[in-house]
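> fold the following for me, if possible:
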Amino acid sequence: MRTLLLFFALCVANFTFAQELEDRDDSFIVENNKNLFKIDIKEPFLQVAVKCNDFKPASFEGGASAYKYLLSKYMYTYLNADFYTLTGDFTFTLIIDTTGRVIDAVGAPKVLHSEAFFDDMQYVVRRIKKNWTPATCDRQPVKSQMKVKMNFSSLSVDM
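Numbers count the residues shown, from 1 in each chain. Model (predicted):
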């Protein structure tokens, strides 16, 4: 009887350890394209002057460096750079209304695939909720334009 009990105990022990699975790598590689991009926003921003006697340019709380920081942060967050591979200097004209809101961003120069980039930039600029202090002409707020120059370079990488 002991022999039979010992035999069953050894069989149970073998089956118990036999059920332990070895570690498997179930991950798989997905072929994917990824665009990496770098943004260099130039300071100072250029205010397009309005003809008047007492003109004061539009300003942003914290100055141009604060807007530059916000803009680059939002660009890295919201740009969908998978649709374009662009490299070069671009100028965006921000149109600021009399309340200080940026109502439009017009990009230049127009190159191959830049329209999608310009559309994305309009979306990015509208996502920034902080307003500018509007430009004034004779102490009255006026619609103005601010030019922001940047160097944008993107690289398409197969991952």
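> low-confidence regions, this structure specifically.
For the chain, the stretches with pLDDT under 70 are 11, 14-35, 156-159.
> what ranges does the protein have for its strands?
In the chain, the strands defined using DSSP state E lie at 33-41, 46-48, 55-56, 59-60, 87-96, 102-108, 132-133, 135-137, 140-142, 144-158.
> middle-most residue in this structure, spatially?
Y76 (2.1 Å; Cα atoms, centre = their mean).
> which residue comes closest to that residue once chain neighbours are left out?
Distances taken as Cβ to Cβ, 6 or more residues apart in numbering put I39 closest to Y76, at 7.3 Å, once the chain neighbours are dropped. Yep, even glycine has a C-beta here, placed from its N, CA and C like the rest.
> same check, this time on N80
D120 is the one closest to N80 (Cβ to Cβ, 6+ apart), at 5.8 Å.
> isn't that neighbour right up against T77?
No - contact criterion Cβ atoms under 8 Å: D120 and T77 do not qualify, at 11.2 Å.
> of the two, which one has the most company?
Shown here are D120 and T77; by other Cβ atoms under 10 Å, D120 has more neighbours (18 against 9).
> for stretch 50-64, buried residues please.
Across stretch 50-64, burial judged by 16 or more other Cβ atoms under 10 Å covers 56-60, 64.
> quote the end-to-end distance of stretch 39-54.
End-to-end span of stretch 39-54 (Cα to Cα, to the nearest Å): 35 Å.
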